[in-house]
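Engineer: have a look at this prediction, sequence included:
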Amino acid sequence: MKTKLNSLIVGLFLSLFIIYPTSCSSDDPQPEGINTEEIIGDWTFENSNVVVTINDIPFIEYQIQVNGLTEEDAKLKTSLIELLYKIRGTISIKDDKTFSAVMNDKVKSGKWYIGDPQYHLFLNSKIDPYITEIITLTNNKLEIKEEFINITYNVDGTKTEQVAIVNHILTK
């Protein structure tokens, strides 16, 4: 009886792959609302807005309240952290689904696509993938958003969660 039940479960599992196939081919449909032709071109990072929190407290306030820094020292530390998340450079996105980029002095190249999760731009390179959410895309403006989450556990077992949300503005 147990063997029959296991066979039934395996059969049901395999049938899901037949009924709902997935694919990563380049002819997958693009998300609605994104005109992939508008993303083709040479983009320059113009501005980055960085918001960092620790345990839902703005970074600067956390440094003052929890770490006991002066306001001046907390502002300096906040500026240094924000610099870590800002990007300088360019991305050249081509209509043959390839890209080349210089981001913070690192050269990258590879394939690009827009796909699931919906409205995300994927730049796949051998060095490291770059995945970002598209907020705005027009003929000459691309606004993208990244979110970084770093969770650590203190000696006493409490959790510290640092979240950085970074919006980048790129122009052609």
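Structural biologist: Arrived safely, thanks for sending.
Engineer: neighbouring contacts of the helix or strand hosting residue 61?
Structural biologist: Under DSSP states H and E, the secondary-structure element containing residue 61 is helix 59-65. Identification of contacts with helix 59-65 by Cβ atoms under 8 Å, 6 or more residues apart in numbering yields 52-55, 57, 69-71, 73-75, 77-78, 81. The C-beta positions use only the backbone N, C-alpha and C, and glycine is treated the same way.
Engineer: so who does the residue most central in space within the chain touch?
Structural biologist: Nearest to the mean C-alpha position of the chain, counting by Cα atoms, centre = their mean, stands residue 132 at 3.3 Å. Neighbouring residues of residue 132 by Cβ under 8 Å, 6+ apart: 120-121, 144-146, 168.
Engineer: go again using 10 Å as the cut-off
Structural biologist: Each residue near residue 132 by Cβ atoms under 10 Å, 6 or more residues apart in numbering is listed here: 119-123, 142-147, 166-168.
Engineer: mind listing the helices for this protein?
Structural biologist: For the chain, the helices identified by DSSP state H occupy 2-19, 36-39, 59-65, 71-85, in order along the chain.
Engineer: buried members of the contacts of helix 59-65 into PyMOL, please.
Structural biologist: Written as a PyMOL command, the selection of buried residues from those, which uses 16 or more other Cβ atoms under 10 Å, is:
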select buried, resi 52+54+69+74+77+78+81
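Engineer: out of the contacts of helix 59-65, which is nearest to residue 114?
Structural biologist: Set against residue 114, the nearest of the contacts of helix 59-65 by Cβ to Cβ is residue 52 (27.4 Å).
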